[in-house]
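>>> okay, predicted coordinates and the sequence, questions at the end:
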Amino acid sequence: MERANDKRQRRVLPHSRTDSFDRILAAAGARRQRHRPHSHPYNLPRPDQRLRRAVGETMKLLLACFLCAFAFQAIAGAHVLDEYVQAAQITLAPSGARVELRLVPGLEVAHYVFRMIDIDGDGQISPAEEQAYARRVLQDIALEVDGQRAALALTGVQFPSRREMNQGIGAIRLDLAAEAALGVAGEHQLLFRNEHLPKLGVYLVNALVPTTEIKISAQARDPLQHEMRLSFHVTPADTNKTPAQPPAGYLKGPLTGALMLCLCVALLWPQWKHLRRARAVRK
């Protein structure tokens, strides 16, 4: 066995240490050969110090997190499948209140809700059956303003297909409106109650105020959100208020900015042309 030594002469094993031109050198030999630029010590990890163990632990942690997330999603999905989610959104306006209902039956109760809507059992929901079910929902909903019952009128309906309901993604949309004198200045109370299919229903209710004249002061819901009591204050609109006039010098700012921009362009344009010509000559 022969190899080249440091003097480029061939003989049998000139020394027992690691050759200086090898890629990996012992640390002790490298310290003695610091003047050689090709000698670099490397710290080789032992079998128990390699990255395989750290990577394996990381992968186990990621797998455990993935399984936990999957189990949580499965539990959450199972919790919604056997429920009839009924979300109500109430919008207040001086002319009255509007109620938007979103009824979403879960996968396990969708067939029951569909049979309730499909009166003739032909597997299709006709417009007459949509209206009939909407009236049934109206009978289970109550709206009161300042202790007086406000009649709700159906203004729009939208029903999903049977396939969407069987998949648990179909939402029944009912738009309701009630005329009430909510524009009168002062404190007012509003009560909303939903008692539609309480054995299956999961209820949500919220209120929106699109105008600045009405400000909600308090909201109270029961634990299941069957009912919500709303307290709000109405500020009278000032009809004699003149429209706001723009302040003096309102247009001076934009005009001054435009003039400054034109001045900068006029000053920089010759410089830009000069640089462009210089680049063209260099090319």
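Received, thanks.
>>> residue contacts, the nearest residue to Phe192 once chain neighbours are set aside?
Spatial nearest neighbour of Phe192, excluding adjacent residues (CB to CB, 6 or more residues apart in numbering): Met228 at 4.9 Å. Every residue, glycine included, has its C-beta placed from N, CA and C. Taking CB atoms under 8 Å, 6 or more residues apart in numbering, we find Met228 in contact with 90, 191-192, 205, 207, 219-222.
>>> now render those as TSV, adding pLDDT.
Formatted as TSV, the contacts of Met228 follow (pLDDT from 0 to 100):
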residue	pLDDT
Ile90	94
Leu191	95
Phe192	96
Val205	94
Ala207	91
Gln219	91
Ala220	93
Arg221	93
Asp222	93
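>>> in strands, which of these fall?
Within these, residues falling in strands by DSSP state E are 90, 191-192, 205, 207, 219-221.
>>> need these in JSON lines with neighbour count and distance to Asp146, can you?
Listed next are the ones in strands among the contacts of Met228 as JSON lines, based on neighbours: other CB atoms under 10 Å; distance: CB to CB, whole Å:
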{"residue": "Ile90", "neighbour count": "20", "distance to Asp146": "15"}
{"residue": "Leu191", "neighbour count": "17", "distance to Asp146": "9"}
{"residue": "Phe192", "neighbour count": "22", "distance to Asp146": "14"}
{"residue": "Val205", "neighbour count": "22", "distance to Asp146": "19"}
{"residue": "Ala207", "neighbour count": "17", "distance to Asp146": "16"}
{"residue": "Gln219", "neighbour count": "14", "distance to Asp146": "16"}
{"residue": "Ala220", "neighbour count": "10", "distance to Asp146": "16"}
{"residue": "Arg221", "neighbour count": "16", "distance to Asp146": "19"}
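>>> returning to what we had before: beta partners of the residue nearest to Phe192?
Listed by DSSP bridges, the beta-bridge partners for Met228 are Phe192, Arg221.
>>> and it, how far from Glu195?
According to CB to CB, to the nearest Å, Met228 stands 13 Å off from Glu195.
>>> what of Ala134?
Distance of Ala134 to Glu195, given as CB to CB: 16 Å.
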